[in-house]
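K.L.:
Coordinates for the following, if possible.
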Amino acid sequence: MCGVNRVSKFVKESFEELKKVQFPTKKEALRLTGYVIGISLVTGVLVTLLDYLFKEFLTFIITK
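P.N.:
Predicted structure coming up:
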């Protein structure tokens, strides 16, 4: 039964810790979500651009 007591204690302490968590407001969550979406789009465009440039560069080298 030692394992059951340890699991029970873990769950109990986990819920106590969750009570201490300060969750973001709706406004903060929307702002941070916007940042993530924006950075993801910029990163996607940069990766696509670099992929295209590398492809063109390699095609130029190979066909030369």
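
K.L.:
can you pull out the helices in the protein?
P.N.:
Secondary structure of the chain (DSSP state H): helices located at 2-20, 26-63.

K.L.:
need those helices in CSV with mean pLDDT and mean neighbour count, can you?
P.N.:
In this view, the C-beta of every residue, glycine as well, is placed from N, C-alpha and C. CSV is the format used below for the helices of the chain (pLDDT from 0 to 100; neighbours: other CB atoms under 10 Å):
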stretch, mean pLDDT, mean neighbour count
helix 2-20, 91, 9
helix 26-63, 97, 10
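
K.L.:
Compute the distance between L58 and Y52, please.
P.N.:
Distance of L58 to Y52, given as CB to CB, to the nearest Å: 11 Å.

K.L.:
do the same with F10
P.N.:
Counting by CB to CB - F10 and Y52 are separated by 51 Å.

K.L.:
Give me the residue at the spatial middle of this structure.
P.N.:
In the chain, the residue lying closest to the centroid (CA atoms, centre = their mean) is V36, at 8.0 Å.

K.L.:
Show the model's pLDDT score for M1.
P.N.:
Here the pLDDT value assigned to M1 is 56.

K.L.:
Start at 338, not 1
P.N.:
Sure, I'll start numbering at 338, so the last one becomes M338.
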